[in-house]
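[1] any chance you could fold what I've pasted below:
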Amino acid sequence: MDWLALALLCALSLALADAMTKKLLPQYGAAELVVVRIGITGVLLLPMVAWHPPTAVPLAFWGWVGLALPLELLAMSLYVVAIRDSPLALTLPYLAFTPVFAIVTGAVLLGEQVSSRGLAGILLVCIGTYVLNLESARLRAPGTWLAPLRAIARVRGSRLMLMVAAIYSVTAVLGKGALQYMPALHFGPLYFVLLSAFTLTVFAWREPAAVRALWRPNWRHGLIAGLMAAMVITHFLAIERVQVAYMISVKRISILIGILLGAWLFAETRLARHLLAATLMVAGVALIAA
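    Sure thing, here's the model as predicted:
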């Protein structure tokens, strides 16, 4: 399977995992949601790691991974709060900023280069952000052209997801660095199992009640963790075959899928405006990757 098909499957799995998290576990706290999405997913991926245990892994690999794990945990903690408490249409689109930020992190950490059309892509992402907030901002501050940008500050989920995008731009590059030392199909499960162990260790110390979510198995946990596991495997298989910016740009089609799911499952309004804004942002991502 080529990288494009893998990235599309990754996008679908992520969008479904987000929608099911919001739909099936609305009463869960942030720590419990992280345990389900990371901790249980790691358990599901553990047999793959046992089947292909790492051998002769250089110290540099652990350096890349060690830098990434705390950032991944922080990003997921912010992510689940954003999608739980705010509309999917006003949170997921801000993930489009990940490749915008990745232009810098990819260049600094891996020396990757992107097309000169990257500036046009950034402009499209910004225009999409403006359109996304245009209507609500106009109601609050008529005639003020900066109002749509200030509207971001009024939606907590939007602010949190911008922070997530910035963190993911770093972790995507760190993951690419670690991926130099083993095949993607081995690295992806191992990485998430390590992230799961790190998460459970942190929460066993700081949020022990959240870890008990592991001992309340039900089909909701299994469904969400299964979708996350599919996302992990397809993510690393795709990113092994192509530059970070290219893969992330296709993965962000999950934004469009998520907006459609938000309208369907949660009756989120202004679908046409949100889809237009998200389409502009995804198009900008594609230009950045071109």
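[2] show me where the stretch 151-290 of the chain has its helices.
    156-178, 184-206, 208-211, 219-239, 244-251, 254-266, 271-289 (DSSP state H, counting those that start in this stretch).
[3] counting by contacts, list what the shortest one packs against.
    Applying 3 or more Cβ pairs under 8 Å, 6 or more residues apart in numbering; DSSP states H and E, one finds that helix 208-211 contacts helix 30-34, helix 184-206. Yep, even glycine has a C-beta here, placed from its N, CA and C like the rest.
[4] out of these, which comes closest to Leu261?
    helix 30-34 (17.2 Å; Cβ to Cβ).
[5] helix or strand next in line after the closest one, which one?
    Next in sequence after helix 30-34, counting helices and strands by DSSP states H and E, comes helix 41-51.
[6] that next one vs helix 184-206, what angle?
    Using axes from the mean of the first three to the mean of the last three Cα atoms, to 10 degrees, one finds that helix 41-51 and helix 184-206 are set 130 degrees apart in direction.
[7] on that earlier part again, deepest-packed of the helices and strands packed on helix 208-211, please.
    Mean neighbour count (mean count of other Cβ atoms under 10 Å) peaks for helix 30-34 among these, with a mean of 22.
[8] just the CA trace of it, in CSV.
    Extracted as CSV, the C-alpha positions of helix 30-34 are listed here (Å, rounded to 0.1, in the frame of the first residue of the first chain):
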residue,chain,number,x,y,z
ALA,A,30,-9.2,14.6,30.9
ALA,A,31,-6.9,12.2,32.6
GLU,A,32,-9.3,9.3,32.0
LEU,A,33,-9.6,10.2,28.4
VAL,A,34,-5.9,10.2,28.0
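[9] in this protein, which helix or strand is least confident?
    Within the chain, no helix or strand scores below helix 134-140, which has a mean of 53 by mean pLDDT, DSSP states H and E.
[10] and for the residue nearest to Leu95 when sequence neighbours are not counted, the neighbour number?
    Spatial nearest neighbour of Leu95, chain neighbours left out: Ala165 (5.4 Å); criterion: Cβ to Cβ, 6 or more residues apart in numbering. With neighbours defined by other Cβ atoms under 10 Å, the count for Ala165 comes to 23.
[11] quick check: Ala165 vs Val49, distance?
    Computed as Cβ to Cβ, to the nearest Å, the Ala165 to Val49 distance reads 29 Å.
[12] with Tyr191 instead?
    10 Å.
[13] repeat for Leu90
    From Leu90 across to Val49, the span is 37 Å (Cβ to Cβ).
[14] tally of neighbours for the nearest residue to Leu78 once chain neighbours are set aside?
    Closest residue to Leu78 apart from its sequence neighbours, by Cβ to Cβ, 6+ apart: Leu160 at 4.6 Å. By the criterion of other Cβ under 10 Å, Leu160 has 22 neighbours.
[15] which residues touch Leu160?
    Leu160 makes contact with Leu78, Tyr79, Val81, Ala82, Thr91, according to Cβ atoms under 8 Å, 6 or more residues apart in numbering.
[16] same thing but 7 Å
    Leu160 sits next to Leu78, Val81, Ala82 when contact means Cβ atoms under 7 Å, 6 or more residues apart in numbering.
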